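A.B. asks: okay, structure incoming, though there's no sequence with it:
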């Protein structure tokens, strides 16, 4: 039974991934192209300034995958693989929780998918939002990865603790007040986490390289305008329109993926187990009938 549930989760993730790829191909890829064009122009200006100042210019690295491959097969592989993994994760979470709540399978799956979207993507996005190419320094990739994973882990932990607190208080205070107290506690702890974790521009590596390479002081790694010795702008900062559109489409894409996973997997499990509330007895009876000759 567990394998069948997980396989349905993978199928739901595959469907969500295909739809997510179509959305990204139509809306996000044009913004990525604009970001790459900006990055190329900025690199050309920096190379020219370094040559004029007598500083060495690093050669361009080899192009392992063409832009066409990246924007088609690469994006499709990444989104579909991620969505299938998240579908399997939602299915596993369903198997763990299916007997603990008196709700139908579809409702439980959709709640799990909603918490997955919040914990894995939207809450970490508040502190460390998605960025297009040209944003982010190569010498902080490892640090940024660790910070993002820390944010994901803490957000999932805090959401789980908030749900646990609401469940424990439900019989004493009722559904409304228990949910309200849990939400307030979650926001307080989350605010403390957001205050403790550093902004990317404040990383020690960024501060050191700002002095070494003349980066403008900023709280993020978004490229600032390039200026000459007189303070005149010779190349603008990263386009704000491209940045906010990319981030908006990123949120919508993730919302689409998690929503489709919740809807498709919920319907599949409703058909598999029926529309009754999910309880341990139901699964125990099915497991016993499965081993009977």
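C.D. replies: Yep, it's here. Predicted model, so just to flag it, every value in this text is computed and none were measured. Numbering: from 1, shown residues only.
A.B. asks: give me the pLDDT value at the closest residue to residue 91 other than its chain neighbours.
C.D. replies: Ranked by C-beta to C-beta, 6 or more residues apart in numbering and with sequence neighbours excluded, the top spatial neighbour of residue 91 is residue 9, at 2.8 Å. (Glycine included, C-beta is placed from N, CA and C.) Per-residue pLDDT puts residue 9 at 96.
A.B. asks: neighbours of residue 9, just the number please.
C.D. replies: 28 (other C-beta atoms under 10 Å).
A.B. asks: which secondary structure element contains it?
C.D. replies: Assigned by DSSP states H and E, residue 9 falls within helix 2-23.
A.B. asks: picking that back up, how close does the residue nearest to residue 91 sit to residue 254?
C.D. replies: Relative to residue 254, residue 9 is positioned 17 Å away (C-beta to C-beta, to the nearest Å).
A.B. asks: how about residue 218?
C.D. replies: When C-beta to C-beta is the yardstick, residue 218 and residue 254 sit 26 Å from each other.
A.B. asks: so residue 11 sits against residue 264, correct?
C.D. replies: Yes. Residue 11 is in contact with residue 264 according to C-beta atoms under 8 Å; the separation is 7.5 Å.
A.B. asks: re the thing from before, next, the contact list for the residue nearest to residue 91, please.
C.D. replies: Applying C-beta atoms under 8 Å, 6 or more residues apart in numbering to residue 9 gives the contacts 87, 88, 89, 90, 91, 92, 94, 261, 265.
A.B. asks: let's go with 10 Å and repeat that
C.D. replies: With contact taken as C-beta atoms under 10 Å, 6 or more residues apart in numbering, residue 9 is in contact with 84-95, 109, 261, 264-265, 268-269.
A.B. asks: could you do residue 52 as well?
C.D. replies: By C-beta under 10 Å, 6+ apart, residue 52 has no neighbours at all.
A.B. asks: per-residue pLDDT, it?
C.D. replies: Residue 52 is assigned 79 on the pLDDT scale.
A.B. asks: what's the answer for residue 147, then?
C.D. replies: 96.
A.B. asks: adjust the sequence numbering to begin at 30 for everything that follows.
C.D. replies: Okay, residue one is now 30; in that scheme the one you just asked about reads as residue 176.
A.B. asks: packing partners for the host helix or strand of it?
C.D. replies: Secondary-structure element containing residue 176, defined by DSSP H and E: helix 170-225. The contact analysis (3 or more C-beta pairs under 10 Å, 6 or more residues apart in numbering; DSSP states H and E) places helix 170-225 against helix 134-145, helix 152-156, helix 233-242.
A.B. asks: next, the angle helix 134-145 makes with it.
C.D. replies: 100 degrees (axes from the mean of the first three to the mean of the last three C-alpha atoms, to 10 degrees).
A.B. asks: ok so, going back, drop anything exposed from the contacts of residue 38.
C.D. replies: Neighbour-count burial (16 or more other C-beta atoms under 10 Å) applied to the contacts of residue 38 gives 113, 115-120, 122-123, 138, 290, 293-294, 297-298.
A.B. asks: quick check: of these, which lies closest to residue 261?
C.D. replies: Using C-beta to C-beta, residue 115 comes nearest to residue 261 of these, at 48.2 Å.
A.B. asks: how about the helix holding residue 38: buried residues?
C.D. replies: With burial defined by 16+ other C-beta under 10 Å, the residues of helix 31-52 counted as buried are 34-35, 37-46, 48-50, 52.
A.B. asks: same deal with stretch 184-193?
C.D. replies: Going by neighbour count (16+ other C-beta under 10 Å), the buried part of stretch 184-193 is 184, 185, 187, 188, 191, 192.
A.B. asks: can you tell me how far the third one sits from residue 152?
C.D. replies: Here residue 187 is placed at a distance of 8 Å from residue 152 (C-beta to C-beta).
A.B. asks: and for the two, which residues touch both?
C.D. replies: With contacts defined as C-beta under 10 Å, 6+ apart, the residues adjacent to both residue 187 and residue 152 are 215, 219, 222.
A.B. asks: return the closest of these with respect to residue 89.
C.D. replies: Using C-beta to C-beta, residue 222 comes nearest to residue 89 of the shared contacts of residue 187 and residue 152, at 39.4 Å.
A.B. asks: what residues are up against that closest one?
C.D. replies: Taking C-beta under 10 Å, 6+ apart, we find residue 222 in contact with 152, 156, 179, 180, 183, 184, 187.
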